[in-house]
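A.B. asks: next comes the sequence, and after it the predicted model I'd like to discuss.
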Amino acid sequence: MSTAPDSADRLEVTGYRLTAPRRAVLDAIAHTNRPFTIEELSDRLPNIGRATVFRTIKLLQELEIVCRVPLEDGGVRYERSRSGRHHHHLICSECGSVTEFNDPSLDASIEENATLAGFELDGHSAELYGRCASCRGGGAL
């Protein structure tokens, strides 16, 4: 799981300045234990301009410090990237919990299908919606 100090180091190593607003955004994200919207994050940072929060989230997403979580209803939330590499999401439609997973064979199949269709793939994402073990009242299978 990415922490504020790890994320700050990653910004600096990749050549980005760690400004006070960026540090505030990183700290707010580090103290958030559930997926958040940019609006929620911006509300928690009244001294940081909304555009700055948007730009910082975009940068953090490019650096894979946070990831975008598209919701079944069309909404979007963000969360800290736990793996720091390409992954997909299991999203509980009842409680909203998000679990990351990676599957190299799924990724290979997606790339193969794109190639077979003559499609130049720039990227992909996969979100699986359902109910987590807690909401189903049982443990993981």
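C.D. replies: Cool, got the structure. Residues are numbered from 1 along each chain as shown.
A.B. asks: so which residues of the chain form strands?
C.D. replies: With DSSP state E as the criterion, the chain has strands at 66-70, 76-80, 88-92, 98-101, 127-130.
A.B. asks: what strands flank the fourth one, and is each parallel or antiparallel?
C.D. replies: Sheet pairing here is set by DSSP bridges, and for strand 98-101 it gives strand 88-92 (antiparallel).
A.B. asks: what angle do strand 76-80 and the partner strand make with each other?
C.D. replies: Counting by axes from the mean of the first three to the mean of the last three CA atoms, to 10 degrees, strand 88-92 points 110 degrees away from the direction of strand 76-80.
A.B. asks: give me the contacts around strand 88-92.
C.D. replies: For strand 88-92, the external contacting residues (CB atoms under 8 Å, 6 or more residues apart in numbering) are 67, 69, 71-72, 97-103, 106, 125-132, 134-135. In this view, the C-beta of every residue, glycine as well, is placed from N, C-alpha and C.
A.B. asks: just the buried members of these?
C.D. replies: Burial by neighbour count, judged by 16 or more other CB atoms under 10 Å, picks out Cys67, Val69, Leu71, Ser97, Val98, Glu100, Cys132 from the contacts of strand 88-92.
A.B. asks: residue contacts, the fifth one?
C.D. replies: Shown here is Val98, whose contacts under the criterion CB under 8 Å, 6+ apart are Pro35, Val69, Arg77, Glu79, His89, Leu90, Ile91, Cys92.
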